[in-house]
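**Q** Have a look at this prediction, sequence included:
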Amino acid sequence: MARTRRRVPTNLDPTQWAEKAARLIADEEVVSFAQARHKLSRSFGVGGRDLPDNRAIYSALTRYQALYGGTAHRELIHSRRRSALEAMENFEIFRPRLAGPVLYGTATRSVPVSLHLVSDTSEAVAMSLANMRIPADLGVETLSFGRQHLEEIPFFSTVRDGLGYELLVFPSQLSRAPCSEVDGKPMRRVTIKQLSLLLANSPDFIAYDLKDLDRLW
């Protein structure tokens, strides 16, 4: 059987590799920064200092989506945020906050809405899901809260009307934000009120730099 040879780009700098990684995410070939780096390494033999970090990929992703996403991407983000707000209102007793790509404006169709809830037991969230007749799978995600501070956080994943949701359940004593995978700082999150204001005042908002979110409030 004949093998298909992949043409390997040469003389690309880290910024150009970040742009390639960003396009993998934008085109939904992968869903995470780590997967994008792995594909660069596997497909093109990229390694070491040439592999872009998360911040570089994020920056390249926002530029790519601004150039090529157009109206379709803006409508996708607006729709996802509206869906997130509706879900947050359903889980209001758990002090929900929206985090991640839907908030930042970088989500693709395959990226779930990520909500952070506060409850000392995941069973309370499970009961609420059951009362709303929402089937969900339970999992555990390891998150960083600072240097050498990792915590296992339970989460529920579900799909409603074709849209995925991840509901992370933080105990009350650990309700502060975990570290962002983009810049290592506390993850930016918004409340129901803040998301409502964002939808009303800046429906097309994209966080080209995560600091842009800090300037909204």
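**A** Perfect, I can see it now.
**Q** how about the helix or strand where residue 73 lies: buried residues?
**A** Element membership of residue 73, judged by DSSP states H and E, is helix 70-90. By neighbour count with 16 or more other C-beta atoms under 10 Å, helix 70-90 contains the buried residues 73, 74, 76, 77, 80, 81, 83, 84, 85, 87, 88. All C-beta atoms are positioned from the backbone trio N, CA, C, and that covers glycine.
**Q** neighbouring contacts of it?
**A** Residues outside helix 70-90 that contact it (C-beta atoms under 8 Å, 6 or more residues apart in numbering) are 65, 96-98, 102-103, 105, 107-109, 113, 115, 132, 160, 163, 165, 192, 195-196, 198-199, 203-204, 206.
**Q** Does anything pack onto the following helix or strand past it? Which helices or strands?
**A** For helix 70-90, the succeeding helix or strand toward the C-terminus, using DSSP H and E, is strand 97-99. Contacting strand 97-99 under the criterion 3 or more C-beta pairs under 8 Å, 6 or more residues apart in numbering; DSSP states H and E are the following elements: helix 70-90, strand 113-118, strand 189-190.
**Q** I'd like these written out as CSV, with mean pLDDT and distance to residue 49 added.
**A** Listed next are the helices and strands packed on strand 97-99 as CSV, based on pLDDT from 0 to 100; distance: least, C-beta to C-beta, whole Å:
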stretch, mean pLDDT, distance to residue 49
helix 70-90, 96, 31
strand 113-118, 97, 31
strand 189-190, 96, 32
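**Q** could I get these as a markdown table with distance to residue 212?
**A** Formatted as a markdown table, the helices and strands packed on strand 97-99 follow (distance: least, C-beta to C-beta, whole Å):
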| stretch | distance to residue 212 |
| --- | --- |
| helix 70-90 | 14 |
| strand 113-118 | 19 |
| strand 189-190 | 13 |
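**Q** what about the strands in this protein?
**A** Ranges of strands in the chain, per DSSP state E, are 97-99, 113-118, 137-144, 150-160, 163-170, 189-190.
**Q** what's the average pLDDT for the first one?
**A** Taken as a whole, strand 97-99 carries a mean pLDDT of 97.
**Q** So what's the gap between it and the chain middle?
**A** When distances are taken as C-alpha atoms, centre = their mean, to the nearest Å, strand 97-99 is centred 10 Å away from the chain's centroid.
**Q** mind listing what it pairs with, with the direction of each?
**A** Taking DSSP bridges as the criterion, strand 97-99 forms sheet pairs with strand 113-118 (antiparallel), strand 189-190 (antiparallel).
**Q** same thing with the fifth one?
**A** Within its sheet, and counting by DSSP bridges, strand 163-170 is paired with strand 113-118 (parallel), strand 150-160 (antiparallel).
**Q** would you list those strands in TSV and tack on mean neighbour count?
**A** Output for the strands paired with strand 163-170, formatted as TSV (neighbours: other C-beta atoms under 10 Å):
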stretch	mean neighbour count
strand 113-118	23
strand 150-160	16
